[in-house]
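K.L.:
need coordinates for the below:
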Amino acid sequence: MGHENITEFILLGLFSDENAKVACSVLFSLCYVAILSGNLLILLTIRGSRLGEQPMYFFLSYLSFLDVCFTSTVAPKFITDLLAQQETISYNSCLAQMFYAHFFGATEIFILVAMAYDRYAAICRPLHYMLIMNREVCYVLVMASAMGAFIHSILQVLIIIRLPFCGPNQIDHYFCDVFPLLKLACIDTSLSVIAIITTTGVLSILTFVTLVISYIIILSTLRTRSSEGRRKALSTCGSHITVVFMFFLPLIFTYVPTVDSVSNDKVFALFYTMIAPMFNPLIYTLRNTDMKTAMRKVWCRDQLFEGK
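P.N.:
Below you'll find the model as predicted:
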């Protein structure tokens, strides 16, 4: 039971219309540049200012870093493939792309949970906040997120690596993911499908439910606060909740249904690989006074000196 017959796959991409491909390559290139610049701007602003000392921004800098890594596992190949005659990917590259996409994506999920825990501690346990969320705890949460994601990703690869692929070799997707690959295996993969729905699907749903419950608790606690405190807490929580919904809903739609919905999965995947990472920087900065102030301080220093 080897996979020696197939050494490379053909990615069918998002669609087959040649004219649309050129336009989309330009559009997605702009999206990718926006993702890189927006997330790096947040990352450098947090690292270059005092904001990084606060747990919320400490996690946000990691989230921005992960957004860049996650999109970079998919976007550059996807954009160049739109212009290529035939989009091929070797067996090993395919597995590597799948591993990294799952690794960065799952780390991001766990970091979002850590951010929800941080907001819960700040709003519901304000007196013990600095004790609960000290720097060691923050580092442990980041390490635990990466470890959990690593285990999850290795499991996905182990499910695929033991399957024989003897043809056809056309993947109905624009990057290598588990479900499209399972459809190409030469043996019955119903158990593997159940395994993936159980791991990724249940992980997505449980995390999403946990996040929603935690924000409900946080918002109910806010009723007792002053209107100024409530307004500030709502603006940060509002950003988090928006990001959580944008990231999780397409993810749940992708990994919870059966394998037959791959064509829809491509559209949903576009949401969490390109659209959510592009809007995250905007969501976190537009409604955040601290972030705007820090950006002014970090990026407008030269103007300040010139004005003196």
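
K.L.:
ranges for the helices of the stretch 201-308 of the chain?
P.N.:
With DSSP state H, counting those that start in this stretch as the criterion, the stretch 201-308 of the chain has helices at 202-222, 227-255, 262-270, 276-286, 289-299, 301-307.

K.L.:
and Ala185, which of the ones you listed is closest to it?
P.N.:
Shortest distance between Ala185 and these, using Cβ to Cβ, is found for helix 262-270: 14.1 Å. (Glycine included, C-beta is placed from N, CA and C.)

K.L.:
winner for burial among the helices of the stretch 201-308 of the chain?
P.N.:
Most buried of those, by mean neighbour count (mean count of other Cβ atoms under 10 Å): helix 276-286, with a mean of 21.

K.L.:
pLDDT averaged over that one - what is it?
P.N.:
Averaging pLDDT along helix 276-286 gives 84.

K.L.:
how about stretch 169-180?
P.N.:
Averaged over stretch 169-180, pLDDT sits at 87.

K.L.:
give me the most central residue, this protein.
P.N.:
By Cα atoms, centre = their mean, the chain has its centre lying nearest to Gly105, at 4.3 Å.

K.L.:
out of the helices of the stretch 201-308 of the chain, flag the one nearest Tyr91.
P.N.:
Ranking those by their distance to Tyr91 (criterion: Cβ to Cβ) puts helix 262-270 first, at 19.5 Å.

K.L.:
what's the pLDDT at the closest residue in space to Val212 that isn't next to it in sequence?
P.N.:
Of all residues not flanking Val212 in the chain, Val244 sits nearest, at 7.8 Å (Cβ to Cβ, 6 or more residues apart in numbering). Reported pLDDT at Val244 in the predicted model: 85.

K.L.:
sec struct for Phe165, please.
P.N.:
Following DSSP: H, G, I helix; E, B strand; the rest coil, Phe165 is assigned to coil.

K.L.:
the residue nearest to Val212 contacts Phe208, doesn't it?
P.N.:
Yes. At 7.2 Å, Val244 counts as touching Phe208 under the criterion of Cβ atoms under 8 Å.

K.L.:
tally of neighbours for Leu181?
P.N.:
Residues lying near Leu181 (other Cβ atoms under 10 Å) number 22.

K.L.:
what's the answer for Ile171, then?
P.N.:
23.

K.L.:
who does it bridge with?
P.N.:
Leu11 (DSSP bridges).

K.L.:
separation between it and Leu203?
P.N.:
Distance of Ile171 to Leu203, given as Cβ to Cβ, to the nearest Å: 23 Å.

K.L.:
over to Tyr215?
P.N.:
Per Cβ to Cβ, Tyr215 is found 19 Å from Leu203.

K.L.:
what's the answer for Phe175, then?
P.N.:
20 Å.

K.L.:
what does Met295 give?
P.N.:
Applying Cβ to Cβ, the value for Met295 to Leu203 is 34 Å.

K.L.:
coming back round to it: if I read this right, the residue nearest to the centre of the chain contacts Tyr272, doesn't it?
P.N.:
Yes. Assessed by Cβ under 8 Å, Gly105 is found in contact with Tyr272 at 7.1 Å.
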